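Participant: how does the following fold in three dimensions:
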Amino acid sequence: MPEQKGFAEPANKTQIADLIAANLYDSKIMPELEAYVEAQVKANAYDFDANRHLLQQYKFSPDSAKPEVVEKILLLALLQLPQKHFLACTYLLSSKLIEEDSIKRLAKLHNLLQVGQFKKFWEELADAKTRAIADKISNFDSSVRRFIAGAVADTYQSIPIDGLCLFVCLFCWFCFAFWPLCYCFGAAMLCV
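Facilitator: Residues are numbered from 1 along each chain as shown. Just a heads-up that it's a prediction; the model follows:
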């Protein structure tokens, strides 16, 4: 499956890479890396290496870890599916962070997407607490739909429109407007 193209490379990625290289084990750069995560969220950008480095810093200084920043890093990583960035990030989390409710919710969403339980994913996302976490990223739903569409295209030769709408959590009128159709045995089918 191709890598998603929804996120740009951050504008100051080179500066952050230089900062990390010059201060590899210095926890004093954590505020700058945390601000960089915020900048990625606002700019729909993504820098796995910088985010991973911040999580490594949190591992060395667990009392300095900020769950709200970790949430955003995991959300950004989740939107990079089918890349394994989310798993790589979770391996760096302390047991205290893993026990956070928001982190558990994100891990559940990741698992549902990984195993193709798309309807269940949308049901979980509809929960108010989970929705509040996901809404920290402005294009979360569309990025997830892009991943699901890619997974469906890789899996099916044709699929009933109502099945696709269920997977991507859209109303059928929307699917009819934006997806090419063919008719197989009298039922509306999507040709992928």
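Participant: where along the protein do the strands fall?
Facilitator: 158-160, 181-184, 187-191 (DSSP state E).
Participant: which stretch in the ones you listed has the least confidence?
Facilitator: Note on the strands of the chain: lowest mean pLDDT is at strand 181-184, with a mean of 37.
Participant: how about low-confidence regions in this structure?
Facilitator: 1-11, 156, 159, 161-167, 169-192 (pLDDT under 70).
Participant: domain ranges for it?
Facilitator: Domain assignment for the chain by automatic domain parsing gives 13-155, 156-192.
Participant: looking at these, which is buried most?
Facilitator: Mean neighbours per residue, mean count of other CB atoms under 10 Å, is largest over the domains of the chain for domain 13-155, with a mean of 17. All C-beta spots, glycine's among them, are computed from the backbone N, C-alpha and C.
Participant: quick one: end-to-end distance for it.
Facilitator: Domain 13-155 stretches 35 Å from its first residue to its last (CA to CA, to the nearest Å).
Participant: nearest residue to Leu106 in space, please, no chain neighbours.
Facilitator: Once flanking residues are discounted, Leu106 sits nearest to Leu74: 4.8 Å by CB to CB, 6 or more residues apart in numbering.
Participant: actually Leu92, sorry about that
Facilitator: Leu55 (4.0 Å).
Participant: how close does the one you found get to Arg145?
Facilitator: 27 Å (CB to CB, to the nearest Å).
Participant: chain center to the lengthiest helix in the chain: distance?
Facilitator: Looking across the chain with DSSP state H, the single longest helix is helix 140-155. Centroid displacement of helix 140-155 relative to its chain, using CA atoms, centre = their mean, to the nearest Å, is 11 Å.
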